[in-house]
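J.: based on what follows, work out the 3D shape:
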Amino acid sequence: MALRFLPDPGILGAIGEARAARLLEERAEALARRGAPEPPRGAPVLHLLVGAESFGVPLDRVAEVLPAEPPCPLPGAPPALLGLRARAGRLHAVLDLAALTGAAPSGMAEDAPEGGGHDVLLRPGSGGRRLALRVGRALSAVEPLALPAERAPASPGDAVAFHAVLPETDTVLAVLDLDRLLRPYAAPLPPDAPLSNTHGA
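T.: Alright, predicted model coming up:
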């Protein structure tokens, strides 16, 4: 039989034996958790907001985050391709992450950059094309914990690699498989792509 150490009888009279025992058990559990190692964190991702949805993209695929600006439209482009923007003499095709994933954008946050949103410039993939994602907000680099499949919510779109949670806030992220998400747009730009009306230097 396990020994149970109870508080001073005077304290017991004030709070009751059952409550005292429960408090001691909770204290013992807290002490046991203190010595337990934290679950391993996942690879760092950039935490993005698109409307009410939270996404993560692998941090090693991110080149730069810039305030969104109007891109140069491309006639006949699919709806998800907003146009082109220039940065440091290079063209980036700007893709709407809401359209790519099926997430419903909401009103712009009060602290969003002037003009609304961010453009997340990505490092070139295997196709060599420079792409950027238009998002509501790019928040910060985080190291989330992967969720078991049975706890994962329904995925917006079909390019979610896995779901993860931020332990500090319990925020659930859909971590994206960028290769799968961007495959239809990964072909290189034609050499005569327009440079006029693009922004940045």
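
J.: grab the nearest non-local neighbour of Pro71.
T.: Nearest non-adjacent residue to Pro71, counting by CB to CB, 6 or more residues apart in numbering: Gly83, 3.2 Å away. C-beta coordinates here come from the backbone N, C-alpha and C atoms, glycine included.

J.: and the one you found, what are its bridge partners?
T.: For Gly83, the beta-bridge partners are Val94 (DSSP bridges).

J.: could you pull up the residues touching the spatially closest residue to Leu74 that is not a sequence neighbour?
T.: Among residues not flanking Leu74 along the chain, Gly83 sits closest, at 5.6 Å (CB to CB, 6+ apart). Applying CB atoms under 8 Å, 6 or more residues apart in numbering to Gly83 gives the contacts 70-74, 77, 93-94.

J.: apply 10 Å and report the result again.
T.: Applying CB atoms under 10 Å, 6 or more residues apart in numbering to Gly83 gives the contacts 70-75, 77, 92-95, 134, 194, 197-198.

J.: what's the distance between it and Ala63?
T.: As for Gly83, its distance to Ala63 is 19 Å (criterion: CB to CB, to the nearest Å).

J.: again, but for Arg129
T.: 13 Å.

J.: before we move on, back to that, can you read off the pLDDT for the residue nearest to Pro71?
T.: Per-residue pLDDT puts Gly83 at 95.

J.: same check, this time on Pro148
T.: Predicted confidence (pLDDT) for Pro148: 84.

J.: let's number from 5 now, not from 1
T.: Right, with 5 as the first residue, what we last looked at is Pro152.

J.: need phi/psi at it.
T.: phi -60, psi 150 (degrees, to the nearest 10).

J.: out of the contacts of Gly87, which sit inside strands?
T.: 96-99, 138 (DSSP state E).

J.: who's in contact with Arg184?
T.: 161-165.

J.: of the residues you listed, closest to Ala107?
T.: Ranked by distance to Ala107 (CB to CB), those are led by Gly161 at 7.5 Å.
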